[in-house]
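K.L.:
okay, predicted coordinates and the sequence, questions at the end:
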Amino acid sequence: MKFSLILLLLICCSFECFSKSFAFGSCLHQKKSQEILNSIYEKKPDKIIFLGDNVYGDTNDGVQNLKEAYDILRENLNHFKNQQFLSIWDDHDYGLNDGGNSFVYKKESKELFLKFWNIPSTDPRWIRDGIYFDYEEVIKGNKVHFIFLDTRYNRSKLKKDYINPKKKYVSDFDKSKTFLGDSQWLWLEKAIKKKVDLRFIVSSIQIIPEDHGFEKWSNFPNEKNKLFRLIKNHNNTYFLTGDRHISSIYKEDFGGSIFFEFTSSGLNMAWKDNNEKDSKQIIKTININNFGLIEFSKESFKISYFNEEGKVISENYFYIE
């Protein structure tokens, strides 16, 4: 794999190799500086993937705060006329910090989300127990498949860490605990069977990292293993994640199958004092406001991270096998 990436870098070293692009990012507070949106706009991405925490509208008394947050975001996004948005939520646009299936306003929150992102009334998300969906597009002759997971609506209660003050949660091996719920798992099992050339599984929370004590798929190890068993034999499958207020790339070897995860977090909410290094991490932690960009060619795709001013921080190339 390392040789392939180096060879690809030599072959595909200019922007002209790549055509269509998708921007991606998370953690965008509606009341903070929106400078990074201008930088995203200038890159002229064909689509923009919002990975969650697209607004901050936490509430414990109805969803008025959330509605007001969306009203501000609508104005902030007003200049994006030609881009399609592909969005999932995380806790702060769900309505409750670290919220899961017990959130009392989750139905009202879901309705606000679907209305804001202009999801047609005929879309199955309106009748699902969550906002999960998938999207396919042929790019440079390759069928590219995006699977967007909902890690909030059905997620079981997390197990708190009462010993280590630096960690909020510990792994819970209770087999009854779930991130997705039965219906979403059944849907995912069918979606993963689609024959495609390249696939991105989009999760608001991180999948591969193991070392930090915040929300991640490792909180429920049985669920994480179930996911990897499901995708083990599907080549060219990658993860897009957010939530952490930092960005990086992670690598997992699951029974000889290699997977990569691209986290982009902190559109305007970066955790500038966080210099963590996860054991699965393969590039330096990015702890300034940033966004990611996927650029596609016939044989490969490029993952780039950019700062608020639109200057490149990191570029990484991946071959489509």
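P.N.:
Cool, got the structure. Numbers count the residues shown, from 1 in each chain.
K.L.:
for the protein, what spans make up the strands?
P.N.:
Counting by DSSP state E, the chain has these strands, from start to end: 21-25, 47-50, 84-87, 133-139, 142-148, 159-160, 169-170, 198-203, 237-241, 248-254, 257-263, 290-296, 300-307, 312-319.
K.L.:
can you redo these as JSON lines with distance to I192?
P.N.:
(C-beta placed from N, C-alpha, C; glycine too.) As requested, those are arranged in JSON lines below (distance: least, C-beta to C-beta, whole Å):
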{"stretch": "strand 21-25", "distance to I192": "20"}
{"stretch": "strand 47-50", "distance to I192": "19"}
{"stretch": "strand 84-87", "distance to I192": "18"}
{"stretch": "strand 133-139", "distance to I192": "10"}
{"stretch": "strand 142-148", "distance to I192": "7"}
{"stretch": "strand 159-160", "distance to I192": "28"}
{"stretch": "strand 169-170", "distance to I192": "27"}
{"stretch": "strand 198-203", "distance to I192": "8"}
{"stretch": "strand 237-241", "distance to I192": "8"}
{"stretch": "strand 248-254", "distance to I192": "14"}
{"stretch": "strand 257-263", "distance to I192": "13"}
{"stretch": "strand 290-296", "distance to I192": "20"}
{"stretch": "strand 300-307", "distance to I192": "19"}
{"stretch": "strand 312-319", "distance to I192": "19"}
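K.L.:
for F220, find the nearest of those.
P.N.:
Nearest to F220, of all the strands of the chain, is strand 159-160, at 9.0 Å by C-beta to C-beta.
K.L.:
partners of Q281 in the sheet?
P.N.:
In this entry, Q281 is beta-bridged to Y250, by DSSP bridges.
K.L.:
so it makes contact with S248?
P.N.:
Yes: assessed by C-beta atoms under 8 Å, Q281 is found in contact with S248 at 5.2 Å.
K.L.:
just the pLDDT for C17.
P.N.:
Looking at C17, its pLDDT reads 71.
K.L.:
nope, I131 is what I was after
P.N.:
Note for I131: predicted pLDDT of 98.
K.L.:
residues contacting it?
P.N.:
Applying C-beta atoms under 8 Å, 6 or more residues apart in numbering, we find I131 in contact with I88, W89, K110, F113, L114, R125, F148, D150, Y153.
K.L.:
which residues touch the residue nearest to the first one when sequence neighbours are not counted?
P.N.:
Pointing back at I88 there. The spatial neighbour of I88 that comes closest, neighbours along the chain excluded (C-beta to C-beta, 6 or more residues apart in numbering), is F148 at 4.8 Å. By C-beta under 8 Å, 6+ apart, the residues touching F148 are L86, I88, I131, Y132, F133, D134, Y135, V202.
K.L.:
adding distance to K298, write those residues out as JSON lines.
P.N.:
Formatted as JSON lines, those follow (distance: C-beta to C-beta, whole Å):
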{"residue": "L86", "distance to K298": "22"}
{"residue": "I88", "distance to K298": "28"}
{"residue": "I131", "distance to K298": "32"}
{"residue": "Y132", "distance to K298": "30"}
{"residue": "F133", "distance to K298": "27"}
{"residue": "D134", "distance to K298": "23"}
{"residue": "Y135", "distance to K298": "20"}
{"residue": "V202", "distance to K298": "23"}
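K.L.:
which of those are buried?
P.N.:
In those, burial by neighbour count holds for L86, I88, I131, Y132, F133, D134, V202, counting by 16 or more other C-beta atoms under 10 Å.
K.L.:
re the thing from before, now, among the contacts of I131, which is nearest to L77?
P.N.:
Using C-beta to C-beta, F113 comes nearest to L77 of these, at 14.4 Å.
K.L.:
tell me if I'm right that that closest one and W89 touch.
P.N.:
Yes: using C-beta under 8 Å, F113 is in contact with W89, at 5.8 Å.
K.L.:
quick one: which of these two has more around it?
P.N.:
Shown here are F113 and W89; by other C-beta atoms under 10 Å, W89 has more neighbours (29 against 22).
K.L.:
state the distance from that one to E136.
P.N.:
Noted for W89: a distance of 21 Å to E136, by C-beta to C-beta, to the nearest Å.
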